[in-house]
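Asker: from the sequence below, what's the structure:
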Amino acid sequence: AFVISGSSLVTLGFAMPEDLAAISLSIGEGLIGLGIIALVISFLPTIYAQFSRREAAVSRLEARAGSPPTAVELLSRAQRIGMFDHIGALWEEWGLWFVDLEETHTSFPSLVWFRSPVPGRSWITAAGTALDTAALARSSLQLDRPTELGLFIRTGTLALRRVAAFFDIPFEVDPSPTDPIMVTREEFNEVYERLAREQLPMKPDREQAWRDFVGWRVNYEAALLGLCGLIDPPPAP
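Answerer: Coordinates of the predicted model:
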């Protein structure tokens with residue numbers, strides 16, 4: 001049985017059964033073998049196309065936020081080169097990226113472990129940078145249209161949560177805005193002061209800005225850090 005199955009499945013045909021029932025099974029196994037080859041040939045280019053699309057956005061982020069990327073670097077560079085007033089395009093681009101990420105990384109979960117060809121880059125640290133930038137801007141900067149930032153954070157949060165749920169990573173569905181986060185108040189103060197030195201339009205009430213930042217970040221932090229623990233990406237601030 002082993003010899004006949006091996007001969008049929010790999011379509012080499014070195015063993016020939018004698019009765020009709022065994023011949024029928026051998027033909028069926030041969031078709032299965034050809035079907036598997038066809039699926040693999042068509043599957044791999046699809047996987048690569050989705051991986052390439054994901055990494056293109058991650059690569060573009062490096063020019064804006066450094067390597068490894070950080071939220072404070074992204075906002076500071078935008079201010080220095082005079083692009084801060086046009087940063088809204090970033091939320092639109094990365095909102096679509098998160099929608100695509102949710103669909104591809106739950107349909108083809110192996111993509112989660114596909115690493116960037118550049119050692120210091122990772123899709124999950126890029127996702128964290130984009131969300132942290134939005135949370136920092138929404139909580140600490142005086143903006144003309146803050147609503148679109150809230151929608152962007154919601155989009156990214158749902159995407160990361162659904163990928164995390166696929167791998168049974170625990171997270172609180174409805175966290176409290178006062179729940180603790182991994183970012184410390186000292187780290188937040190340091191970022192706040194650096195952005196102020198870059199002459200970004202900071203909100204004057206730093207205490208309220210900190211509370212708002214915690215309230216936004218607590219929504220996506222568990223899923224973000226859970227996925228980081230799953231794939232062990234290069235470290236980023």
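
Asker: report pLDDT for A63.
Answerer: Per-residue pLDDT puts A63 at 86.

Asker: now swap in A1 and tell me
Answerer: 83.

Asker: now it: how far from S8?
Answerer: 11 Å (Cβ to Cβ, to the nearest Å). The C-beta positions use only the backbone N, C-alpha and C, and glycine is treated the same way.

Asker: now L141: phi and psi?
Answerer: Taking degrees, to the nearest 10, you get phi -110, psi 150 for the backbone angles of L141.

Asker: and A1 and S8? Which one has more around it.
Answerer: Taking neighbours as other Cβ atoms under 10 Å, A1 and S8 compare with S8 leading, 25 against 8.

Asker: so that one is in contact with I23, correct?
Answerer: No - under the criterion of Cβ atoms under 8 Å, S8 makes no contact with I23, lying 9.6 Å away.

Asker: which neighbours do the two share?
Answerer: By Cβ atoms under 8 Å, 6 or more residues apart in numbering, S8 and I23 have no common neighbours.

Asker: show the model's pLDDT score for the closest residue to P233 other than its chain neighbours.
Answerer: Once flanking residues are discounted, P233 sits nearest to S122: 3.5 Å by Cβ to Cβ, 6 or more residues apart in numbering. Per-residue confidence (pLDDT) for S122: 94.

Asker: what sits against S122?
Answerer: S122 sits next to V58, R115, S116, I231, P233, P234, A236 when contact means Cβ under 8 Å, 6+ apart.

Asker: restricted to buried residues, select the residues you listed in ChimeraX.
Answerer: To isolate the buried subset of those in ChimeraX, counting by 16 or more other Cβ atoms under 10 Å, use the following:
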select :58,116,233,236
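
Asker: okay if I get the contacts of S122 as JSON lines plus distance to E102 and pLDDT?
Answerer: As requested, the contacts of S122 are exported to JSON lines (distance: Cβ to Cβ, whole Å; pLDDT from 0 to 100):
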{"residue": "V58", "distance to E102": "16", "pLDDT": "92"}
{"residue": "R115", "distance to E102": "20", "pLDDT": "91"}
{"residue": "S116", "distance to E102": "19", "pLDDT": "90"}
{"residue": "I231", "distance to E102": "16", "pLDDT": "92"}
{"residue": "P233", "distance to E102": "18", "pLDDT": "93"}
{"residue": "P234", "distance to E102": "23", "pLDDT": "90"}
{"residue": "A236", "distance to E102": "21", "pLDDT": "86"}
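
Asker: done for today, thanks.
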